[in-house]
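J.: Quick one: sequence and predicted model below, then my questions.
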Amino acid sequence: MVRAALLDAESGDRVLPTLYSDNYLWPLPGESRTLTLSWPASALVSGSPAVGVEGYNVPMASTGRA
C-alpha cells in the first residue's frame, strides 16, 4: 500500500486541506500512476510544495518540489 502526502518543502509539514485524485494505492511492480493534487495557496507556509510517498514497511520518500 502506498500513500501520497503534500508537504511544505521547507518545514516538511503536511499541507492541509489537500484534495487527491487518488490515494492509498496498490501498485504492481513496474506500474506507474499519475495523481492530481489541489490545495489552497494560503495553506503553504513557504510557498514551495513537495510530494511525499510512503508505503507499508518502507520509510517516507520526498520528491523535493512538486
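T.: Yes, it's here. Residues are numbered from 1 along each chain as shown.

J.: W39 against R14, yeah?
T.: No: with contacts defined as C-beta atoms under 8 Å, W39 does not count as touching R14, sitting 10.2 Å away. (C-beta placed from N, C-alpha, C; glycine too.)

J.: Against which helices or strands is the lowest-mean-pLDDT helix or strand in the chain packed?
T.: Evaluated with mean pLDDT, DSSP states H and E, the helix-and-strand set of the chain has its lowest mean pLDDT in strand 58-62, which scores a mean of 76. Using 3 or more C-beta pairs under 8 Å, 6 or more residues apart in numbering; DSSP states H and E as the contact criterion, the elements in contact with strand 58-62 are strand 49-55.

J.: Go ahead and measure how far the strand it packs on is from the middle of the chain.
T.: Centre-to-centre, strand 49-55 and its host chain are 4 Å apart (C-alpha atoms, centre = their mean, to the nearest Å).

J.: That strand pairs with which strands, parallel or anti?
T.: Applying DSSP bridges, strand 49-55 is found paired with strand 2-8 (antiparallel), strand 58-62 (antiparallel).

J.: Only C-alpha atoms, please: export it in PDB.
T.: This file holds the C-alpha atoms of strand 49-55, laid out as PDB (Å, rounded to 0.1, in the frame of the first residue of the first chain):
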ATOM      1  CA  PRO A  49       5.300  22.200  -2.200                       C
ATOM      2  CA  ALA A  50       6.800  18.700  -2.200                       C
ATOM      3  CA  VAL A  51       5.200  15.300  -2.600                       C
ATOM      4  CA  GLY A  52       6.000  12.700   0.000                       C
ATOM      5  CA  VAL A  53       5.300   9.000  -0.700                       C
ATOM      6  CA  GLU A  54       5.300   6.200   1.900                       C
ATOM      7  CA  GLY A  55       4.400   2.600   1.800                       C
END
